[in-house]
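> need a structure here:
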Amino acid sequence: MLLRVRVTLPDRPGTLGQVARTLGVSGADIVQVVVLERLGGRAVDDFTVVWPGAARVERLLAGLAAIPGVRVDGVWRAIGAPTTTGQDAELLAQVAANPADGVATLVDAVPGLLAADWAVAAVVPMDWASRTGGGTATVGHASWRAPQPPPLPEVTPLRARELTGADGSHYAIAPFGRNGLVLVVAREHTEPLTAAAFHSTEVDRLAQLVRAGAVILGDRLDLVGAPSVTSVT
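Numbering: from 1, shown residues only. Got it, this is the predicted structure:
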């Protein structure tokens, strides 16, 4: 199976090599490395690895923890193939080519791009601020792995951000800027694996996709979550 391993490590020569060697000794086959952040002498890297299903992840965690200065931020199952250059543009091209299914296309594709479990397009009432406890979101579209009903977090106020639910699941949320529509992406908390929170670069990526999708789809966003009309003859 594919695993995503996120580590924070000292940004100095040799440390990345130690992490890579430890992954290999533990049985992981590295297929991709993405640098999420380099700041203040520290780096945050995402490794996508092929992991033998029968192997215990505890061995991997112990090996990484033994490297001086290395912290494991999360290990979780990756859905789909590793991300490649141009996937975001290809997704937006698909949205533009078939705008009638544009929101559903975004919802189905985003979990694979962000190594998440599921996503939904949710509509938040426009008067959420005046309601006690905030508004209650309704689901317009859900990806194929989304639970029914999806356990949505508090998605207001409408701004792009990440948050963690009471059960330890992580969410990234980005508004379309129209009709109270937001895209919610989730990484579920499942033992023994523990997913990392969405990094700021991942939230920014989601926000950019949503903003571009909103420009492409325009008035069609107003139809998401609207009651269907059945003609009577």
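> what ranges of this protein fall below the confidence cut-off?
54-55, 80-85, 126-136, 156-157, 225-233 (pLDDT under 70).
> can you tell me which strand in it is longest?
strand 29-39 (DSSP state E).
> List the buried residues of it.
By neighbour count, with 16 or more other Cβ atoms under 10 Å as the criterion, the buried positions of strand 29-39 are 33-34, 36. To be clear about C-beta, it is placed using only N, CA and C from the backbone, and glycine gets the same treatment.
> Tell me the helices and strands packed up against that strand.
Counting contacts by 3 or more Cβ pairs under 8 Å, 6 or more residues apart in numbering; DSSP states H and E, strand 29-39 packs against helix 15-26, strand 42-50, helix 200-217.
> In JSON lines: the ones you listed, plus distance to residue 117 and mean neighbour count.
Below are those laid out as JSON lines (distance: least, Cβ to Cβ, whole Å; neighbours: other Cβ atoms under 10 Å):
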{"stretch": "helix 15-26", "distance to residue 117": "23", "mean neighbour count": "17"}
{"stretch": "strand 42-50", "distance to residue 117": "16", "mean neighbour count": "20"}
{"stretch": "helix 200-217", "distance to residue 117": "14", "mean neighbour count": "18"}
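> what about these, which gets the closest to residue 164?
Among those, helix 200-217 comes nearest to residue 164, with 13.0 Å by Cβ to Cβ.
> ok, residues contacting the closest one?
With Cβ atoms under 8 Å, 6 or more residues apart in numbering as the test, helix 200-217 has contacts from 36-37, 88, 91-92, 95-96, 99, 102-103, 106, 110, 113-114, 160-162, 172, 174-178, 183, 185, 198, 221.
> so what's residue 196 up against?
Contacts for residue 196 (Cβ under 8 Å, 6+ apart) come out as 4, 6, 73-74, 76, 170, 187.
> Return the closest of the residues you listed with respect to residue 22.
Of the contacts of residue 196, the one sitting nearest to residue 22 (Cβ to Cβ) turns out to be residue 6, at 14.4 Å.
> and the closest one, helix, strand or coil?
Here residue 6 is recorded as strand under DSSP: H, G, I helix; E, B strand; the rest coil.
> residues near it, how many?
Residues contacting residue 6 under the criterion other Cβ atoms under 10 Å number 21.
> What of residue 14?
Neighbour count of residue 14, defined by other Cβ under 10 Å: 8.
> Drop anything exposed from the contacts of helix 200-217.
Among the contacts of helix 200-217, those classed as buried by 16+ other Cβ under 10 Å are 36, 91-92, 95, 102-103, 106, 110, 113-114, 160-162, 172, 174-176, 183, 185, 198, 221.
> Which ones among those map onto helices?
Among the buried ones among the contacts of helix 200-217, DSSP state H puts 91-92, 95, 102-103, 106, 110, 113 in helices.
> out of these, which one sits closest to residue 48?
Nearest to residue 48 among these: residue 113, at 12.5 Å, using Cβ to Cβ.
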